[in-house]
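**Student:** quick one, what's the 3D model for this:
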Amino acid sequence: MEETAKIWLRHYPEEVASTYNYPKHNLARLLVDAAGKFPRKPALYFMGKTMTYEALLDRAYRFAGGLQSLGVGRGERVAIMLPNCPSAVVAYFGTLLAGAIVVQTNPLYKERELLHQLCDSGAVVLVTLDQLYERVAGIRAQTALRHVLVAALADDLPFPKNVLYALKQRKDGDKPHVPYGKRGVLAMRPWLHAAAPVSACAEVDAERDIALLQYTGGTTGTAKGVMLTHYNLLANTHQNLSWFYRSREGEETYLGALPIFHVFGLTVLLHQSVLSGAMLILMPRFETEPVLQTIARLQPTIFPGAPTMYIALIHHPRVKRYPLASIEVCVSGSAPLPQEVQERFEALTDGRLIEGYGLTEASPVTHVNPIWGRRKIGTIGVPTPDTDARIVDIETGETLPPGQIGELLVKGPQVMLGYWQRPEETAAVLKDGWLHTGDMAHMDEDGYFTIVDRKKDIIIAGGFNIYPREVEEVLFEHPAVQEAAVAGVPDAYRGETVKAYIVVKPGLSLTEQEVIAWCRERLAAYKVPRQVAFRPTLPKTMVGKVLRRKLLEDDAAGEPS
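**Tutor:** Residues are numbered from 1 along each chain as shown. Just a heads-up that it's a prediction; the model follows:
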């Protein structure tokens, strides 16, 4: 396939170039360079305690040295199963400094999910919380793990250890027994203190050497390890920061409510904050009241998030009591951003909330609306610098003209090396350097792209293609709807029909008939939901993406979501 005309470049802000030279070195140099520029500046804030860049680098060097003392070689995999906390950042950069590969693991994973990821990656070391150790112990014999490093959130806190119970990590309040010293189980804090630090970054071939194995969500089939190189992640970090051209080096504060074990949070929070010498506020999980309190007290300036986060905040009954004016820039990803949410959040903060797009296979960001330039609400914006994109016919592969719906393909320095040990699946999505995203979209005459839906989520009713997002946008416009999702369910006559799942705003009421009437006034008849279900919540991933598959599975099992 040939390069596209890149008609979107004429809408780039003049401060943003169309192409850049991206560094080709170890990703951990982000931290080394930041510590050189801002040694005494706080790099991390965690529950009342800060850690300077100098201290963070020292701990990362010690972690790297400790790995080497355990016999971990370059290219071996180190799994990190931690929530947002300083230990997670130390382990991440320490692994990279040693030349090993990070495997980010969701701390909410159950044994089956964890076992697949550890076995598939061949991880030889796992870093986890003391409260999660029992989950690991039950499957360890089936993995290649040689050592388990056990951290405690109390290691990173200025409070006594009983603060862990206040964090509600366990219902019974009892810490599990951890057999330190047996079968390679080590307490991370003393192990780190005793480790001899390395003196420099491991040298890598940035374009070929893997920095990160990031597993896809596994919403269809078995989760696959996405191979992201040092260069992939460095390029995407620089691409993103070029878009933040008003960013003040050494002066910004990032609110880290997204999990950094997910690639969106990893790139737009951890990597980007370190590249710009900012302070990153780490929050172990998103909770509405603590987030509002944190914004009011610490005054972060940049708040990347997911739509569900902004929805929760604008609907908080006491949101107007909190000063939120410090927020200047928010980038929303992981799911479509409803226009009403965007407008209401901007009114509360006076900041800019823009929608972007990405996927794990692209490190992840490929598109974003201009923050201070021309944005188009409802679109994902334009491709980032050095990123090409096109819309193709899903049958013929031919490039489609503006306005026509097809599959979105992207190409750029942030696109993955491939799937770990899955050459056939890699070949199915990577063709001539173009990544086939599986998302249906269209491009307008200005080069702004709009995601219509996942290719697999299209509802085909009576021969008509129905895109769930279009119906969801109409539902979000209803004054009583707080959250909404749409999926296709079997229908004897039409093949499939539209079912809407709705969370009603507190204190308001809504009926199935009212929902259908609302949609009939705003949608073609074949797009109107034929079934409506009301739920107290919608099932979501850790980054706030609604799981349509889970809604359908619950329906099939006769269970409410």
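**Student:** C-alpha only now, for contacts and for neighbours.
**Tutor:** Fine.
**Student:** OK, contacts around W191?
**Tutor:** W191 makes contact with G66, according to CA atoms under 8 Å, 6 or more residues apart in numbering.
**Student:** same question for K505.
**Tutor:** Here K505 is in contact with 480-482 (criterion: CA under 8 Å, 6+ apart).
**Student:** who wins for most neighbours among those?
**Tutor:** Q482 (20 neighbours; other CA atoms under 10 Å).
**Student:** sec struct for it, please.
**Tutor:** strand (DSSP: H, G, I helix; E, B strand; the rest coil).
**Student:** so it touches V504, yeah?
**Tutor:** Yes: contact criterion CA atoms under 8 Å: Q482 and V504 qualify, at 5.3 Å.
**Student:** helices of the stretch 101-250 of the chain, start to end?
**Tutor:** Along the stretch 101-250 of the chain, counting by DSSP state H, counting those that start in this stretch, helices occupy 111-121, 133-137, 163-166, 188-194, 230-243.
**Student:** which one of these lies nearest to I459?
**Tutor:** Distance to I459, taken as CA to CA, is lowest for helix 111-121 among these, at 29.1 Å.
**Student:** mind listing what's buried in that closest one?
**Tutor:** Judged by neighbour count (16 or more other CA atoms under 10 Å), helix 111-121 contains these buried residues: 111, 114-115, 117-118, 120-121.
**Student:** first-to-last residue distance for stretch 109-129?
**Tutor:** Distance between the boundary residues of stretch 109-129 (CA to CA, to the nearest Å) amounts to 13 Å.
**Student:** now do stretch 355-371
**Tutor:** First-to-last residue span, stretch 355-371, CA to CA: 9 Å.
**Student:** cool, and stretch 61-80?
**Tutor:** 17 Å.
**Student:** okay, now the unreliable bits of the stretch 1-150 of the chain?
**Tutor:** Applying pLDDT under 70 to the stretch 1-150 of the chain flags residues 1-4.
**Student:** er, the stretch 151-300 of the chain I mean
**Tutor:** 157-176, 217-222.
**Student:** strands of that one, residue ranges please.
**Tutor:** Remark: strands assigned in the stretch 151-300 of the chain by DSSP state E, counting those that start in this stretch are 185-187, 210-215, 225-229, 253-256, 279-282.
**Student:** quick one: contacts for the residue nearest the centre of the chain?
**Tutor:** In the chain, the residue lying closest to the centroid (CA atoms, centre = their mean) is F264, at 3.0 Å. For F264, the contacting residues are 258, 333-334, 360, 363-365, by CA under 8 Å, 6+ apart.
**Student:** same deal with M188?
**Tutor:** Contacts of M188 (CA under 8 Å, 6+ apart): 149-151.
**Student:** I101 now?
**Tutor:** 74-78, 95, 210-213.
**Student:** try it again with 10 Å
**Tutor:** 73-79, 92, 95, 121, 123, 209-213, 227-230 (CA atoms under 10 Å, 6 or more residues apart in numbering).
**Student:** which of the residues you listed count as buried?
**Tutor:** 74-79, 92, 95, 121, 123, 209-213, 227-230.
**Student:** adding distance to I394, write the helices of the stretch 101-250 of the chain out as JSON lines.
**Tutor:** Listed next are those as JSON lines, based on distance: least, CA to CA, whole Å:
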{"stretch": "helix 111-121", "distance to I394": "31"}
{"stretch": "helix 133-137", "distance to I394": "42"}
{"stretch": "helix 163-166", "distance to I394": "51"}
{"stretch": "helix 188-194", "distance to I394": "50"}
{"stretch": "helix 230-243", "distance to I394": "27"}
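**Student:** where does P323 fall, phi/psi-wise?
**Tutor:** Dihedral pair for P323: phi -70, psi 120, per degrees, to the nearest 10.
**Student:** residues in contact with it?
**Tutor:** 292-293, 295-297, 299, 348-349.
**Student:** ditto for A427
**Tutor:** 418-419, 435.
**Student:** can you rerun that using 8 Å?
**Tutor:** Applying CA under 8 Å, 6+ apart, no residues contact A427.
**Student:** picking that back up, please report which of the contacts of F264 has the highest neighbour count.
**Tutor:** S363 (29 neighbours).
**Student:** still on that earlier bit, how much space separates the residue nearest to the centre of the chain from S509?
**Tutor:** From F264 to S509 the distance is 35 Å (CA to CA).
**Student:** equivalent analysis for V429, please.
**Tutor:** 45 Å.
**Student:** who's more crowded, these two?
**Tutor:** V429 (18 against 10).
**Student:** that one against P423, yeah?
**Tutor:** No: using CA under 8 Å, V429 makes no contact with P423, being 10.3 Å away.
**Student:** quick check: which element contains the residue sitting furthest away from the middle of the chain?
**Tutor:** Among residues of the chain, the one most distant from the C-alpha centroid is Y493; the distance is 39.2 Å, by CA atoms, centre = their mean. When elements are assigned from DSSP states H and E, Y493 belongs to no helix and no strand.
**Student:** ok, now the one 10 residues further on?
**Tutor:** With elements taken from DSSP H and E, the one containing V503 is strand 495-504.
**Student:** for that strand, packing partners?
**Tutor:** strand 459-461, strand 481-491, strand 531-534 (3 or more CA pairs under 8 Å, 6 or more residues apart in numbering; DSSP states H and E).
**Student:** average pLDDT across that strand?
**Tutor:** Per-residue pLDDT over strand 495-504 has a mean of 93.
**Student:** now that strand: buried residues?
**Tutor:** Buried-residue list, strand 495-504, by 16+ other CA under 10 Å: 496-504.
**Student:** now, among those residues, which is nearest to L44?
**Tutor:** Nearest to L44 among these, with distances taken as CA to CA, is V503, at 35.7 Å.
**Student:** do you know how far Q513 is from C519?
**Tutor:** For Q513, the distance to C519 - CA to CA - is 10 Å.
**Student:** between these two, which one's more packed in?
**Tutor:** Taking neighbours as other CA under 10 Å, Q513 and C519 compare with C519 leading, 19 against 11.
**Student:** what's the closest non-adjacent residue to that one?
**Tutor:** Take C519 and drop its neighbours on the chain: the residue closest to it by CA to CA, 6 or more residues apart in numbering is V528, 5.7 Å away.
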